[in-house]
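# Here's my sequence, what's the structure:
(one chain, ligands or ions: 1)
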Amino acid sequence: MSELDILELGQPLLRRKAKPVGDIDTDSCRQMIQLLTEQVTQHQGMGIAATQLGFDAQLFIMCSHPNDRYPDAPNMPITTVINPLILSHSEHQASDWEGCLSIPGLRAKVSRPQAIEVAYTLQDGTQVHTRYDGFLARLFQHEYDHLHGLLFIDRVSSTDDIMTEKTWRQQYASKSRNTAIEGTQHGAAL
Ligand SMILES: [Zn+2]
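Prediction:
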């Protein structure tokens, strides 16, 4: 396994709780961000967490963008989220299908708070305090979970809500182009 392989379900490092990032302004931090950005771009994901490449760091990349399977996904610049905190969340939960680069071939319906208030640091040291709703709230929570050793399958309430990528495509992808789908035409996802 090369150091660039994305860790997959069953590999212990994926379950590690990551340490906060200390000094952002280092070559090793810049290199980690570059490797993560390359991987998420190459796999056409919407996000990737440092722990998915085996890094012990509370850092993830968000890069939501519309594609033919999710035309309504918000377009955002590639954003490096460092030492994220979820400060509060809505009582209202939303349920939607998720996938994960670390669990290829599987989809599951996951219930999460619809909206969250968050704080994090950008690569240039800027402190961000903002609120995410809908798709971006789901993406943020999915990646945040990775930093705590959690995967989306941990949050599935019923095994009836899990299916293979192939079955999911047959049952859902063709029904509506507006169905909330996190993924790409290549089956990669969050
Ligand atoms: Zn994931």
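# Past the longest helix seen in the chain, which element shows up next along the chain?
For the chain, the helix with the greatest residue count under DSSP state H is helix 27-42. Counting by DSSP states H and E, the next helix or strand C-terminal to helix 27-42 is strand 47-49.
# quick one: strands adjacent to the helix or strand that that following strand is followed by?
Using DSSP H and E, the next helix or strand after strand 47-49 towards the C-terminus is strand 59-62. Strand 59-62 pairs in its sheet with strand 47-49 (antiparallel), strand 79-89 (antiparallel), by DSSP bridges.
# Enumerate the positions of the longest one that are buried.
When neighbours are counted by 16 or more other Cβ atoms under 10 Å, the buried residues of strand 79-89 are found to be 79, 80, 81, 82, 83, 84, 86, 89. The C-beta positions use only the backbone N, C-alpha and C, and glycine is treated the same way.
# Could I get the full set of helices for the protein?
According to DSSP H, the helices that the chain contains are 27-42, 134-147, 165-168.
# would TSV of those helices with mean neighbour count be doable?
Shown next, in TSV, are the helices of the chain (neighbours: other Cβ atoms under 10 Å):
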stretch	mean neighbour count
helix 27-42	15
helix 134-147	23
helix 165-168	15
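# is it possible to export those helices to a markdown table including mean pLDDT and distance to the ion?
Below are the helices of the chain laid out as a markdown table (pLDDT from 0 to 100; distance: least, Cβ to the ion, whole Å):
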| stretch | mean pLDDT | distance to the ion |
| --- | --- | --- |
| helix 27-42 | 95 | 10 |
| helix 134-147 | 97 | 6 |
| helix 165-168 | 89 | 14 |
